[in-house]
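Colleague: build me a model from this:
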Amino acid sequence: MSDWGKVFFAVRCGHSADALFLQCWTKFCLVGVREGDVVSAPMSELPQHYAADALALGFLESRCDSIMYIDDDMIFQPADVHALRDDPEGAAYDGLMGLCLSRSGVHHPIVMQPNEGGGFNIINKPEPDTIIDVGIVGLGFTLIRRSAFERVDQVRKNKEMYFQWGPKGDSEDAGFCEMAVKTGCRFGVSSRVCIGHRIKTVVVWNAEAQTVEYKEKARNPKKMFMGRDNHE
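Modeller: All right, here's what the predicted structure looks like:
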């Protein structure tokens, strides 16, 4: 097992959660939560960066060791959460994200590796069955250790927000990761855990075929049964 310890599960919800996400979230809350974990009330009707920051503050006030951000348009199974937190290779990382696709434009995998020019390269065909080192992780389906926040405390100015948009339009997750990397934090994306991203359809990375897969529904509805005897 990896050592993410007790996990604080944190959902950002804009105005209304997707129905398929609610199926996934409800099933996870029934069968996926472990002893010592905390399930936070979803943070709703706040801008993304304010929601992320408010959840971080709640996590830091808890006794949990790590926070797991899950956005309200992610499509997943409890087994996906377990696979991410239990991967032995994950112990080497301060933040670890499941592999999901961008929601707009060309639906490419969100795997961003730093380049020599100070920017980032998008890895269109990530290597399967591994953890890929990246410079930035999003907050869609992501574990972050308490120690990463403690390190960021060393470099953020005047107790500014952990998550905030940059002056050049950089997203709130990028700002946090860039501060964390300066302190020696390491981030990765697991191609072993491929998560659906709900748009008008569901897009998910097919690691075996090395391509984007489009689905009308996230899962077979018969497998979405919420009973406690279904642990897949």
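
Colleague: ranges for the strands of the chain?
Modeller: 7-13, 38-39, 43-44, 66-71, 74-75, 95-99, 112-114, 120-122, 131-134, 141-145, 187-194, 196-198, 202-206, 211-215 (DSSP state E).

Colleague: contacts for the worst-scoring helix or strand of the chain on mean pLDDT?
Modeller: Ranked by mean pLDDT, DSSP states H and E, the weakest helix or strand in the chain is strand 120-122, scoring a mean of 78. The list of residues contacting strand 120-122 from outside it, by C-beta atoms under 8 Å, 6 or more residues apart in numbering, reads 108, 109, 111, 112, 113, 114, 115, 135, 136. Yep, even glycine has a C-beta here, placed from its N, CA and C like the rest.

Colleague: same deal with stretch 35-55?
Modeller: Contacts of stretch 35-55 (C-beta under 8 Å, 6+ apart): 5-15, 17, 29, 33, 58-59, 62, 64, 67, 69, 72, 139, 161-165, 171-173, 176.

Colleague: what are the buried residues along that stretch?
Modeller: Across stretch 35-55, burial judged by 16 or more other C-beta atoms under 10 Å covers 37-38, 40, 42-43, 48-55.

Colleague: only alpha carbons, please: show stretch 193-201 as CSV.
Modeller: The C-alpha trace of stretch 193-201 is given here as CSV (Å, rounded to 0.1, in the frame of the first residue of the first chain):
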residue,chain,number,x,y,z
VAL,A,193,-6.2,5.0,-13.4
CYS,A,194,-8.2,6.4,-16.4
ILE,A,195,-11.1,8.5,-15.4
GLY,A,196,-14.1,9.6,-17.4
HIS,A,197,-14.7,13.3,-18.0
ARG,A,198,-18.4,14.1,-18.4
ILE,A,199,-19.2,16.6,-21.2
LYS,A,200,-22.0,16.0,-23.6
THR,A,201,-20.6,12.5,-23.7
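
Colleague: what stretches of the chain score poorly on pLDDT?
Modeller: 1-2, 105, 167-170, 216-232 (pLDDT under 70).

Colleague: if we go to 90?
Modeller: In the predicted model of the chain, residues 1-3, 13-18, 45-49, 102-110, 112-124, 155-160, 164-175, 198-204, 206-209, 211-232 satisfy pLDDT under 90.

Colleague: break down it into its helices, ranges please.
Modeller: Listed in chain order, the helices found in the chain under DSSP state H are 19-31, 48-61, 78-86, 146-152, 172-182.

Colleague: quick one: closest of those helices to residue 119.
Modeller: Between residue 119 and those, the tightest spacing by C-beta to C-beta is seen for helix 172-182, at 11.0 Å.

Colleague: okay, the angle between that closest one and strand 187-194?
Modeller: Angle, helix 172-182 to strand 187-194, by axes from the mean of the first three to the mean of the last three C-alpha atoms, to 10 degrees: 130 degrees.

Colleague: return the distance of stretch 165-178 from the chain's centre.
Modeller: Put simply, stretch 165-178 sits 16 Å off its chain's centre (C-alpha atoms, centre = their mean, to the nearest Å).

Colleague: list the buried ones in it?
Modeller: Buried, per 16+ other C-beta under 10 Å, within stretch 165-178: 171, 172, 173, 174, 175, 176, 177, 178.

Colleague: tell me the bridge partners for residue 205.
Modeller: Beta-bridge pairing for residue 205 (DSSP bridges): residue 212.

Colleague: quick check: it vs residue 89, distance?
Modeller: Residue 205 sits 18 Å away from residue 89, taking C-beta to C-beta, to the nearest Å as the criterion.
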